[in-house]
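Q: Predicted coordinates and the sequence they were generated for:
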Amino acid sequence: MNDTPRIRTVPICTLLALTVTAGATACAGSQGHPLSARPYDAERQISFNAPEDGKKADPDKALEITAKGTDGRITDVTAVDATGHHLAGELTADGQRWRSTGSLTAGGRYTVKVATEDEDGAPGTRTFTFETAPAKRALTVKFGPEAGKYGVGQPITADLSLPVKDRAARAVVERALKVRSTPSVEGGWHWVDDKKLHFRPKEYWPAGAAITVTGNLAGVKVGDKLYGGESKPLKLTIGDRIEAIADAGSYSMTVRRNGKVIKTIPVTTGKPGFSTRNGIKVILGKEYFVRMRGTSVGIAAGSAESYDLPVYYATRVTWSGEYVHAAPWSVGSQGVANVSHGCVGMSTGNAAWFFETVRPGDIVKTVNSYGDTMDTFGNGFGDWNMPWDKWRKGSALVTDTKSAAHEPNPNRLRPSI
């Protein structure tokens, strides 16, 4: 008889990218039934498609877990990343293979729990963790405007670091952009172009609202080898509902706060050939002093329409140079005739009052002008001039959507009076 001890060789799955936590050793329950036993360590019963040599997993490849041999099967798999997001997957009917169907996050860390059973029905378990490689191309989002207090008409903007053209990829981005308002509102994102989205409520923001904007794109697969990156959250508060209605037909401006008229001002608007744009505009900013020259808007120097004037209390409503401002040279026409080159002019005292009363995000609406309607995009915030049903069609999450037509950017940033 040979007394040399026999050494049994046990195959071990080497997974250098995984940190494996062993399960409990199997033992019979109090009644000796397999189902009452403590789960055994299923390491020898399953294998994973993990990279070797300490490399991190490719997030573009699916996670696969396979049962070894035919003496057991996989009964359940849960895979959760560090943020609590569950990775979707499918288990074959025979329990021999589980494969992820959802996209892995880039630069993530997953905890995977695998439940098995042997040919006698005894339960096994295995837990492991692994990390995925960071994205080679990261799509970041910058929200606007800057944090602060704004008027009820202020849209929220999201500028993307890379263009996103594919509709499915746009849907991934849009789902990750969250706008929370207290009190709550009905609102939606609208794709202005491949790199910019605007968010607005169906109606103006409620006065006093608190708004938080977040982007949950970090590590999320957006498209082919494109993943989301980190984004800085944005917090805004909304002030009183300030609306200024400039009526080019009656040469007056009516200013309301929370629905109540607080001032009526004689004004002058654009004369024929320079008519003020109709429609809703959102105040972009305030400039105490602006030098306004006709040459900046295409008026030839020395011509009959040429001007070069110092202007005070200038409240900007378009990037191309439309303001509400002091116009002491036209006081005789204010309330009587339209003589400006497109701006809304008023006395210095009234302009100072207006300048101090309003803030960015407040509404200036022009009616009864012979001018064109304010562009929806590209020359400021004309978002409110688009009907809500058309606005919603600019979302990648709306079924049967056609992209809304967007006006070209005039790319004129000089003031007119």
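A: The structure has been received and is ready for your questions. Numbers count the residues shown, from 1 in each chain.
Q: check contacts around the nearest residue to residue 118 once chain neighbours are set aside.
A: Computed as C-beta to C-beta, 6 or more residues apart in numbering, the closest residue to residue 118 that is not its neighbour in sequence is residue 72, at 4.4 Å. (C-beta placed from N, C-alpha, C; glycine too.) Residue 72 makes contacts with 42, 45, 116, 117, 118, 119, 124, as judged by C-beta atoms under 8 Å, 6 or more residues apart in numbering.
Q: if we go to 10 Å?
A: Contact analysis of residue 72 by C-beta atoms under 10 Å, 6 or more residues apart in numbering lists 42, 44-46, 95-96, 116-122, 124.
Q: Among those residues, name the ones in strands.
A: Cross-referencing the contacts of residue 72 against strands under DSSP state E gives 46, 116, 117, 118, 124.
Q: Now neighbour count too, for those residues, in a markdown table please.
A: Listed next are the ones in strands among the contacts of residue 72 as a markdown table, based on neighbours: other C-beta atoms under 10 Å:
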| residue | neighbour count |
| --- | --- |
| 46 | 22 |
| 116 | 24 |
| 117 | 21 |
| 118 | 16 |
| 124 | 25 |
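Q: Now tabulate the residues you listed in JSON lines and tack on pLDDT and distance to residue 394.
A: Shown next, in JSON lines, are these (pLDDT from 0 to 100; distance: C-beta to C-beta, whole Å):
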{"residue": "46", "pLDDT": "90", "distance to residue 394": "47"}
{"residue": "116", "pLDDT": "93", "distance to residue 394": "49"}
{"residue": "117", "pLDDT": "92", "distance to residue 394": "52"}
{"residue": "118", "pLDDT": "90", "distance to residue 394": "56"}
{"residue": "124", "pLDDT": "92", "distance to residue 394": "52"}
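Q: for those residues, which one is nearest residue 245?
A: Taking C-beta to C-beta as the measure, residue 245 lies nearest residue 46 of the ones in strands among the contacts of residue 72, at 70.5 Å.
Q: Please work out how many residues are found near residue 63.
A: 23 (other C-beta atoms under 10 Å).
Q: how about the strands in the stretch 301-417 of the chain?
A: Listed in chain order, the strands of the stretch 301-417 of the chain (DSSP state E, counting those that start in this stretch) span 308-316, 323-326, 344-346, 363-367.
Q: Which secondary structure elements does the shortest one sit against?
A: For strand 344-346, the helices and strands in contact under the criterion 3 or more C-beta pairs under 10 Å, 6 or more residues apart in numbering; DSSP states H and E are strand 242-247, strand 252-257, strand 260-266, strand 308-316, strand 323-326, helix 348-357.
Q: could you dump these to a markdown table with mean pLDDT, mean neighbour count and distance to residue 185?
A: As requested, these are exported to a markdown table (pLDDT from 0 to 100; neighbours: other C-beta atoms under 10 Å; distance: least, C-beta to C-beta, whole Å):
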| stretch | mean pLDDT | mean neighbour count | distance to residue 185 |
| --- | --- | --- | --- |
| strand 242-247 | 98 | 22 | 17 |
| strand 252-257 | 98 | 18 | 20 |
| strand 260-266 | 98 | 14 | 22 |
| strand 308-316 | 95 | 18 | 26 |
| strand 323-326 | 98 | 27 | 27 |
| helix 348-357 | 98 | 18 | 25 |
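Q: Of those, which is nearest residue 157?
A: From the helices and strands packed on strand 344-346, taking C-beta to C-beta, the stretch that ends up closest is strand 308-316, at 16.7 Å.
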